[in-house]
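Engineer: Kindly generate the corresponding structure for this input.
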Amino acid sequence: MPAPRPLSRLAAALLAALATNVSAATEYAYLDDIAGGWANWSWSTAVTNDTVVKKSGTASARVAITGAWGAFSLNRDAGAVGLGSLSAITFDVNPGAATNVAKVAALVFALQDGNTLGPAVTLGGYASPALAANTWSSVSIPIGALTGSLTAMTRLNLQDGLGGGGITFNLDNLALVAAVAAGACRPVVVDSGIAGAGKSINGFLNDQYTWSDAACRVRNAALARNDTSKGGNAKQFTYTLPNGTTRTVNPAANGAAGFGYVVAHLSNPSFANAYGADDSPLGSGNAATFRKLFTGNHHAIHEYSLNYVRYGLTAAALINHSIDPWTWLTGAADPNRQYVTVYNMPVRIHWMFATGRNSPVWSVTFDLSAAPDHAVDSDFRAPYGDMNIEGGTGANLVAGVAWGDRYRFTTLGSPFTMNNDWDYSQLNTGAPYDALWAAAVDAQMGLAGTQIVARQNAGGYNNYQAPVWRGKTSATMGKLCLNDQGAGPGYNHKLPCSSDWAYQLVQYSVASAAQTTSNKRLAWGADWGSLGNSAFTNSNGYAVSGYPKVSYSVYVVLDPHSANPTQTVAKQAETINLTRLTATLGTVRTQGIAGVGRTDTKPYSPAGYSPIYGTWEVDAAANAVNLTFAVPTTATVALDTPIIVVHGYTKATPPVQVSLDGVGLAADTDYFASVRPDQAELWITLNRKLIGTHGLQIW
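Structural biologist: Below is the predicted model of the structure:
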């Protein structure tokens, strides 16, 4: 990099003296214009404000590097900043025409203190999504990549890296991100590997999300890209235990390894078999595209898109009743095969991570619009997978399982066998859920819905005979499951028959009443017809729809079993259902999009609550809201760390103040804020447990 415009010795000395006196607060060098206290020191470059092409606010910087090795350069006239006070430099960039993309990707970014330059990094390696014509990408460069021998900075340089000049692009929201203060939670970070090509973990290239949980302890989730054996699911989780050690949860050593992919079963598998296909393939084998949909300071959303085909009756067969849906096809030569066809079912999956929350949200939409109503009869068992939840090799035995449909079920005793005692006697007033835990290690993995069971179709599949077992215990049931899976009298046992479980867990990993297992299979589930049937009554007794689109969300829970984590998360749905949100400034939304990747809407119940990410949705008035959460004191648990999404928020920066009951709150400690400019949204996680009536002000 050629030497930029030098500073006088006196100026350099003054700036160095000020380096330790500058506030560590996050600040913008460019926001709608060059910020106060900053000056344009660019060379061989023209910089103008563009009010048409902008990421947010009123304008972006239109940068035209005309000469070889020219640069966009801003000098901090207000004084130097100690690099120890910063965590990253961030900005948004739009390369404009396709002919600019490679040139913009080759731009090099460096910090400068006086006449001393820090290491230069190439912009393209830090852009997300990858740079594309006329598209905005976000750039976040960790301060450690820019430090070298520097201890302070006075200047930012973005320079022609090819030496050819002739580069035009737009830049917006150039910020110096402050380091996290002591006692505060660190922001969300995404590690996409060298040059954004993916981080290698467990044989896959991943985007690894790091966030801070409810105790401000670090957690990670590695989400695989579409590479070896495809992808579209998590290949590793880590979390910090109360004693400060890290538990690393890797995929099991079997074909179901990984977690968060799609599986669904046809009620008549011969429809797929007649085409030489599996009726319920593991979706981890499907080609999946991915993108980092939203990466805010404290919230992030990762998206997968894929196609998972379903087999069903043709439209003509439905009209003419050519065959019964249960007609068994003997193979490709069966004459009835003409009445069965294959339908594409696009699937959209989102993972949402939030500071202050232990459990990410997994959200899905299945789209059967290509098929007629009732043509397909399928369950869903997604998310699905098998992880070594104990953090070891997977050899630790399963101690027990639990689930919630209309009732709460749990096994008693350890280790797990099909002859364990059990309790299925208590009503479930929260969300549907299921979980399993290890025998010799304090570890549990589970799934919990974002709505109460009356509003979320889950907990039932196969020939599920729930009413036979519900409301009872092993002591009051009065009979055994006989000849389970056709294995004969040797497989008579106390637990419900394998096909009568509410969810697929480990029941197919044992073949006798006394057998133990170390398999940690975990899946979600709902009845046949939950994909493909527009109206039916599910096994929980509620009217549901599985056509043309089906959307739902679950929390993915990993924590010590002693904390009863999955049921604790599931209980939140009951409190949410009892909570009332109102506004005296701004408006509480009464409806919103019906699921990820959808444009149709559905009513919110209760008002303001969206089950997609488990968030409270409001509209701002002049970028401000005044809200009241009323949580009944009779609720069994408090409303825990609610996430509020403020729509119509047009500022590129977080709010000036957030207060609860009139008392100002501290950013990154009492609340965690992210701005999503492309959607005009402000996301705030309130780091509080609410019971009773509380006023929340954001402005």
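Engineer: Strands of the stretch 401-550 of the chain, start to end?
Structural biologist: Counting by DSSP state E, counting those that start in this stretch, the segments of the stretch 401-550 of the chain that form strands are 407-412, 421-427, 433-438, 444-449, 472-473, 521-523, 526-531, 536-537, 543-544, 549-559.
Engineer: Rebuild the ones you listed as JSON lines, extending it with mean pLDDT.
Structural biologist: Formatted as JSON lines, those follow (pLDDT from 0 to 100):
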{"stretch": "strand 407-412", "mean pLDDT": "98"}
{"stretch": "strand 421-427", "mean pLDDT": "97"}
{"stretch": "strand 433-438", "mean pLDDT": "98"}
{"stretch": "strand 444-449", "mean pLDDT": "98"}
{"stretch": "strand 472-473", "mean pLDDT": "98"}
{"stretch": "strand 521-523", "mean pLDDT": "98"}
{"stretch": "strand 526-531", "mean pLDDT": "95"}
{"stretch": "strand 536-537", "mean pLDDT": "93"}
{"stretch": "strand 543-544", "mean pLDDT": "96"}
{"stretch": "strand 549-559", "mean pLDDT": "98"}
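Engineer: Nearest to Asn577, out of those strands?
Structural biologist: The closest of the strands of the stretch 401-550 of the chain to Asn577 is strand 444-449. By CB to CB, the value is 11.7 Å. In short, each C-beta sits where N, CA and C put it, glycine included.
Engineer: Check which helices and strands that closest one sits against.
Structural biologist: Strand 444-449 makes packing contacts with strand 433-438, strand 521-523, strand 549-559, helix 565-578 when contacts are defined by 3 or more CB pairs under 8 Å, 6 or more residues apart in numbering; DSSP states H and E.
Engineer: Note down every partner strand of the second one and its orientation.
Structural biologist: Looking back up the chat, that one is strand 521-523. strand 384-386 (antiparallel) (DSSP bridges).
Engineer: Which residues in the partner strand does the neighbour count mark as buried?
Structural biologist: Using 16 or more other CB atoms under 10 Å as the test for burial, strand 384-386 gives Tyr384, Gly385, Asp386.
Engineer: Show me what it is in contact with.
Structural biologist: The contact list for strand 384-386 (CB atoms under 8 Å, 6 or more residues apart in numbering) reads 233-234, 251-252, 254, 256-263, 282-284, 504, 519-524.
Engineer: Which residues does whichever strand or helix holds Ile319 contact?
Structural biologist: Assigned by DSSP states H and E, Ile319 belongs to helix 315-320. For helix 315-320, the external contacting residues (CB under 8 Å, 6+ apart) are Ser322, Ile323, Tyr339, Val340, Pro372, His374, Ala375.
Engineer: any idea how far the closest residue to the fifth one other than its chain neighbours is from Phe271?
Structural biologist: Just to be clear, that refers to Pro372. Nearest in space to Pro372, with sequence neighbours left out and distances taken as CB to CB, 6 or more residues apart in numbering, is Ala315 at 4.9 Å. Note on Ala315: its distance to Phe271, by CB to CB, to the nearest Å, is 15 Å.
Engineer: still on that earlier bit, out of the helices and strands packed on strand 444-449, deepest packed?
Structural biologist: Of all those, strand 433-438 has the most neighbours on average by mean count of other CB atoms under 10 Å, namely a mean of 28.
Engineer: The nearest residue to Leu266 once chain neighbours are set aside in helix, strand or coil?
Structural biologist: Nearest residue to Leu266, sequence neighbours excluded (CB to CB, 6+ apart): Asp279, at 4.1 Å. Judged by DSSP: H, G, I helix; E, B strand; the rest coil, the three-state class of Asp279 is coil.
Engineer: Provide a list of residue ranges in the chain with pLDDT below threshold.
Structural biologist: 1-26, 180-183, 228-229, 462-464 (pLDDT under 70).
Engineer: show me where it has helices.
Structural biologist: In the chain, helices defined by DSSP state H lie at 9-18, 98-105, 144-147, 270-273, 315-320, 466-469, 565-578, listed in chain order.
Engineer: Of those, which is nearest Ser363?
Structural biologist: Using CB to CB, the helices of the chain put helix 565-578 closest to Ser363, at 14.8 Å.
Engineer: which outside residues touch that closest one?
Structural biologist: With CB under 8 Å, 6+ apart as the criterion, helix 565-578 contacts 358-359, 402, 404, 408, 428-435, 444, 446-452, 455-456, 555, 557-559, 605-606, 609, 614, 631-632, 634-640.
Engineer: same check, this time on stretch 96-111
Structural biologist: Residues outside stretch 96-111 that contact it (CB under 8 Å, 6+ apart): 1, 53, 83, 89, 93, 95, 117-124, 127, 131-134, 141, 146-147, 150, 153, 155-162, 164, 166-170.
Engineer: Ends of that stretch, what's the gap?
Structural biologist: Taking CA to CA, to the nearest Å as the measure, stretch 96-111 stretches 25 Å from start to finish.
Engineer: roughly how far out does it sit from the chain middle?
Structural biologist: Centre-to-centre, stretch 96-111 and its host chain are 30 Å apart (CA atoms, centre = their mean, to the nearest Å).
Engineer: Could you list the buried residues of it?
Structural biologist: Residues of stretch 96-111 classed as buried by neighbour count (16+ other CB under 10 Å): Gly96, Asn100, Val101, Lys103, Val104, Ala105, Ala106, Leu107, Val108, Phe109, Ala110, Leu111.
Engineer: and the nearest residue to the third one once chain neighbours are set aside, how many neighbours does it have?
Structural biologist: Computed as CB to CB, 6+ apart, the closest residue to Val101 that is not its neighbour in sequence is Pro95, at 4.8 Å. Around Pro95 there are 27 other residues, counting by other CB atoms under 10 Å.
Engineer: For Pro95, which residues are in contact?
Structural biologist: Applying CB under 8 Å, 6+ apart to Pro95 gives the contacts Val101, Lys103, Val104, Ala105, Leu131, Ala132, Ala133, Asn134, Thr135, Phe169.
Engineer: need those residues in CSV with distance to Thr693, can you?
Structural biologist: Compiled in CSV, the contacts of Pro95 are given as follows (distance: CB to CB, whole Å):
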residue, distance to Thr693
Val101, 53
Lys103, 57
Val104, 52
Ala105, 53
Leu131, 49
Ala132, 48
Ala133, 52
Asn134, 49
Thr135, 45
Phe169, 50
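Engineer: Identify, from these, the entry nearest to Leu686.
Structural biologist: Closest approach to Leu686 among the contacts of Pro95 (CB to CB): Thr135, at 33.4 Å.
Engineer: re the thing from before, now the buried members of the contacts of helix 315-320.
Structural biologist: In these, burial by neighbour count holds for Ile323, Tyr339, Val340, Pro372, His374, Ala375, counting by 16+ other CB under 10 Å.
Engineer: Bridged to the closest residue to the last one other than its chain neighbours, which residues?
Structural biologist: With CB to CB, 6+ apart as the criterion, Ala375 has its nearest non-adjacent residue at 4.0 Å, and that residue is Gly312. Under the criterion DSSP bridges, Gly312 forms beta bridges with Thr341.
Engineer: One more: Ser363?
Structural biologist: His350, Ser553.
Engineer: Quick check: the gap between it and Ser553.
Structural biologist: Ser363 is 4 Å from Ser553, by CB to CB.
Engineer: where do the contact lists of the two overlap?
Structural biologist: With CB under 8 Å, 6+ apart as the test, Ser363 and Ser553 both reach Ile612, Tyr613.
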